[in-house]
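*Asks:* Just need the structure, nothing else, for what follows:
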Amino acid sequence: MLKKAGIAIGLLSVLTGYLIHHPIPAKVPDPWLFQILTDVLAFSELMGTISERVGINRWWAYPGRLPVPRWMNVPEGMKIEKTVFHGIESVVVTPKGFAERKIPGPAIVVYHGGGWVFGNIDSYLPLLVTAAEHTGFLVMSPEYRLAPEHIFPIPFEDCLDTTLEFMSRAKEFNVDPKRIAIAGDSAGGNLAMAVTVELVKRKIAGTLVQVPAMQALIYPKLQMTNYLLPSYAQNREFIFSKDLIPKFWLSYIGLSSQYSLAQIICENAHIDFSNKQMAEKFALVHEDRVPTRYKQRPYNATPQSIPSDVKKLLDGKTKAYLNKMMLDERIAPLFASNKTLLHLPYTHVLVCEYDPLRDDGIILFERLQSLGKESSLQHLPNSLHAAASIGPFDKNLYHAKQNKILFEKVRDYLNNMH
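*Replies:* From the prediction side, this is the model:
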């Protein structure tokens, strides 16, 4: 009996390993760590797929939804403290000697990634500590509420409101409110630019508000319209399923009961081109906006056929709602007008070659460059999505060195402000 049980457990383990093992590109730096991260997320997605089919929250098994153990070494003298801004629990990381500065210093507000549905400040502490260590700046990160329990605009408003209160209370933390950068990765990068765009628009309208001195966007998700950009078509095999990213967005906008719409969205069949505004905005994210050098790897961006029973799900009311959400600059900050972009602060964008979100960041950078705005691009030629999360494991890793480059960009820019 025990022998049979052992065989059954062994076979189940092999089957589970087969189902969750997900190949990564051969040239990816720090491959063993990336493979572990990829397989962990693949297991989370396997659990999510099963959960979705039985009608429960598909995101429960993702990192941050499940407890994540702390594993990083905190530098001597660095303080990690929990506090509250605008009713939202937040973490403040203060490097040694920062509180004793005679002149208030810069700070970075960081919004964690996770598709608006998973992740938390505890799981991101290693990256927050890394940011504080490389810059010498205070770092604040809010525990914004997650979808699908808290749909748009709640996560956005949590980030905006906590940031505004932090800015207003900057002197309490010996921070110069005029030297605060906003940063975030993936969905956090979306929230970072969305908050910056909102503050810029308020300032243009005459509201007395402080605009961030800089934004650092790490493989950000900036638009919800074109899912057939070259980076999506080239890198579908590295995201477990092609409809995963649309499912994040559907959760964010309150359509978690209609995940089948993701099949429509990933073929761009959700776009209402009869809407003049939508047609104009789509031009901002057309694949022609992506430089030729990023199209060298083969890809097929031809929309695939959608089953008729799935097509029926996109009725007129649902399509109108999707297009309304797509045009909202608090969700799709890449659709901000040139007038708004001309008032953005210095923007640093990090993108990874083997990442479906690569082209969102590249299109933003190219657009800022065409407008003459101060901006910079950090392109990791062989890396996958979530690269920044790999770096904190070991200072000798390639991605640790890339994180250092990123945060030193922030450090040098804010230190040189006059």
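*Asks:* got the residue ranges for the helices in the stretch 51-200 of the chain?
*Replies:* For the stretch 51-200 of the chain, the helices defined by DSSP state H, counting those that start in this stretch cover 125-135, 154-168, 187-204.
*Asks:* I meant the stretch 251-400 of the chain, not that one.
*Replies:* Under DSSP H, counting those that start in this stretch, the stretch 251-400 of the chain gives helices at 261-265, 276-282, 308-311, 316-327, 338-341, 358-370, 398-415.
*Asks:* So which of the ones you listed is nearest V209?
*Replies:* Among these, the nearest to V209 by CB to CB is helix 338-341 (13.9 Å). C-betas here are computed from N, CA, C, even on glycine.
*Asks:* ok, L314 to I265 distance?
*Replies:* Counting by CB to CB, to the nearest Å, the gap from L314 to I265 is 9 Å.
*Asks:* Now the common contact residues for the two.
*Replies:* Common neighbours of L314 and I265, using CB atoms under 8 Å, 6 or more residues apart in numbering, are L322.
*Asks:* okay, those two: which has more neighbours?
*Replies:* Comparing L314 with I265 by other CB atoms under 10 Å, the one with more neighbours is I265, at 22 against 19.
*Asks:* Nearest residue to that one in space, ignoring adjacent ones along the chain?
*Replies:* Leaving out its chain neighbours, the residue that sits closest to I265 by CB to CB, 6 or more residues apart in numbering is P246, at 3.9 Å.
*Asks:* That neighbour: what's it in contact with?
*Replies:* Residues near P246 by CB under 8 Å, 6+ apart: Y227, L261, A262, I265, C266.
*Asks:* what do you get if the cut-off is 6 Å, keeping everything else the same?
*Replies:* By CB atoms under 6 Å, 6 or more residues apart in numbering, the contact list for P246 reads A262, I265, C266.
*Asks:* Please verify my assumption that the first one contacts D243.
*Replies:* Yes: contact between A262 and D243 holds when scored by CB atoms under 6 Å: they sit 3.6 Å apart.
*Asks:* As a markdown table, the helices of the stretch 51-200 of the chain with distance to K96, mean pLDDT and mean neighbour count would be great.
*Replies:* Shown next, in a markdown table, are the helices of the stretch 51-200 of the chain (distance: least, CB to CB, whole Å; pLDDT from 0 to 100; neighbours: other CB atoms under 10 Å):
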| stretch | distance to K96 | mean pLDDT | mean neighbour count |
| --- | --- | --- | --- |
| helix 125-135 | 10 | 97 | 23 |
| helix 154-168 | 21 | 98 | 21 |
| helix 187-204 | 26 | 98 | 24 |
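*Asks:* Redo these as CSV? Include distance to N57.
*Replies:* Below are the helices of the stretch 51-200 of the chain laid out as CSV (distance: least, CB to CB, whole Å):
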stretch, distance to N57
helix 125-135, 24
helix 154-168, 16
helix 187-204, 17
